[in-house]
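Chemist: Kindly return the folded structure for what I paste below:
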Amino acid sequence: MSLRPLLLTHARLIDPATGREGAGHVLVREGRIADIAWGAPPAAPEGAETVECAGHVLTAGLIDMRAFVGEPGAEHRETLASASAAAAAGGVTTLVCMPDTNPVIDGPAIVDFVLRRARDTASVHVLPSAAITKGLAGREMTEFGLLAEAGAVAFTDGLKAVANAQVMRRALTYARDFGALLMQHVEEPDLVGDGVMNEGEMASRLGLLGIPREAETVMLERDLRLVRLTGARYHAAMISCADSVEIVRRAKQDGLPVTCGVSVNNLVLNEGDIGHYRTFCRLSPPLRHESDRSAVVAALNEGLIDVVVSDHNPQDVETKRLPFAEAADGALGIETLLGAALRLVHTGDIPLPKLLRALSARPAEILGRAAGRLVAGAPADLILIDPDVPYRLDKRALKSRSKNSPFDEARLQGAAVLTIVAGRIVHRAYDFVKAA
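Modeler: Residues are numbered from 1 along each chain as shown. The predicted structure follows:
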């Protein structure tokens, strides 16, 4: 069915790919950006819908490279339909779903199932990642070629790191030969042990076992040496401490094909937010010391950290309403990604165009997608942001099936008020659209 043309007028345009910013207008036809006018608005085509943007920010939709979706196997925590509804409400137009489902996404048939299910039930683009090892067991590699052919956009063992160095070397070698992207969760499991939060004074005061920064840096250092050996593309899914920033800096200076991400939680929260054992703040990687948070914010501003992810990993009541040491890692994130990240803009830590680059253009580049930019011919995956609207987050209003957000009852400022996927409006906070 043909879509009606859509004219978005009087917006503050920001192109995340180039950083260009200014007043302008965008015309959408057949799911793509047909024209961008940085001056006077073009005439609305016959039968078009017009969106009066009232000076709000119009930019490319966000691309979240790390989101757990429970389907198949954990639909009580999240489904493709509920995750995509949350994504649309948060301004995320593309999400990469993790393979740690039941069954694990380690065969072409499961990739195909996710793609078909997303096509039928999801309102945003869903890109499946596939497991590096069969059953996420860390021993036997999956068939990278077949999985990529089926539609897997990257390979990761989700919340599990590939601990065996020989297996990781072979995986990187095969990834190089197939042009595949490996996304590693950089935590050495034996160093994590029974730890539940960042190791240091705060953990001692709370009487909780700590996770040293070395659990992250040892794994990262090992992997980057293997990248140097194999020449494969490698993405550290989430770094969280100052030492990791310097490790990535050296790797990039040496010209290694390395990128990295950071969870929005580690950008705007620190270990102090755990407070009186708030299990919604039990995360992996853990919330770090304020000095580490400041270091990753500075690295993001510098462009050393490539992408910001939600680390959306919803948990149900049975796994979160427990003593802190017994609760599961993970929290909601996809619907609050934008609002939380905008804290950095309002505090002056990072300019909005640079933040949007890490939320859309860079993920698109790393994944080889045409999205993430405002240019004629690009997919019409767009969001309209009111960067100043204040609100208190109410978990009961969230679209996700689970409600465990570390930002529950937090005061946030800025939200997506309109989300467009492939030229179709999939979320609106209130009615902007008028018939031409």
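Chemist: Return the alpha-carbon coordinates of stretch 164-176 using PDB.
Modeler: C-alpha atoms of stretch 164-176 as PDB (Å, rounded to 0.1, in the frame of the first residue of the first chain):
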ATOM      1  CA  ASN A 164      38.400 -19.200  26.000                       C
ATOM      2  CA  ALA A 165      41.200 -17.400  24.100                       C
ATOM      3  CA  GLN A 166      41.600 -20.100  21.400                       C
ATOM      4  CA  VAL A 167      37.800 -20.000  20.700                       C
ATOM      5  CA  MET A 168      37.900 -16.200  20.500                       C
ATOM      6  CA  ARG A 169      40.900 -16.300  18.100                       C
ATOM      7  CA  ARG A 170      39.100 -18.700  15.800                       C
ATOM      8  CA  ALA A 171      35.900 -16.600  16.000                       C
ATOM      9  CA  LEU A 172      37.800 -13.500  15.100                       C
ATOM     10  CA  THR A 173      39.600 -15.300  12.200                       C
ATOM     11  CA  TYR A 174      36.300 -16.500  10.800                       C
ATOM     12  CA  ALA A 175      34.700 -13.100  11.300                       C
ATOM     13  CA  ARG A 176      37.500 -11.500   9.300                       C
END
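Chemist: List the buried residues for it?
Modeler: Within stretch 164-176, the residues that count as buried by 16 or more other Cβ atoms under 10 Å are 167-176. For glycine as for every other residue, the C-beta is placed from the backbone atoms N, C-alpha and C.
Chemist: Which one of these is nearest to residue 54?
Modeler: Residue 54 lies nearest to residue 175 out of these, by Cβ to Cβ, at 46.2 Å.
Chemist: Roughly how far does that closest one sit from residue 107?
Modeler: Look at residue 175 and residue 107: by Cβ to Cβ, to the nearest Å, they are 18 Å apart.
Chemist: With residue 222 instead?
Modeler: Residue 222 is 28 Å from residue 107, by Cβ to Cβ.
Chemist: Repeat that for residue 357.
Modeler: In terms of Cβ to Cβ, residue 357 sits 35 Å off from residue 107.
Chemist: Have a look at those two and say which one is more surrounded.
Modeler: Of the pair residue 357 and residue 107, residue 357 is the one with more neighbours under other Cβ atoms under 10 Å, namely 28 against 18.
Chemist: Secondary structure class of the more buried one, three-state.
Modeler: helix (DSSP: H, G, I helix; E, B strand; the rest coil).
Chemist: From what I see, it and residue 20 are in contact.
Modeler: No: counting by Cβ atoms under 8 Å, residue 357 stays clear of residue 20, with 11.4 Å between them.
Chemist: Return the closest of the buried residues of stretch 164-176 with respect to residue 27.
Modeler: Nearest to residue 27 among these, counting by Cβ to Cβ, is residue 175 at 39.9 Å.
Chemist: Need phi/psi at that closest one.
Modeler: phi -60, psi -40 (degrees, to the nearest 10).
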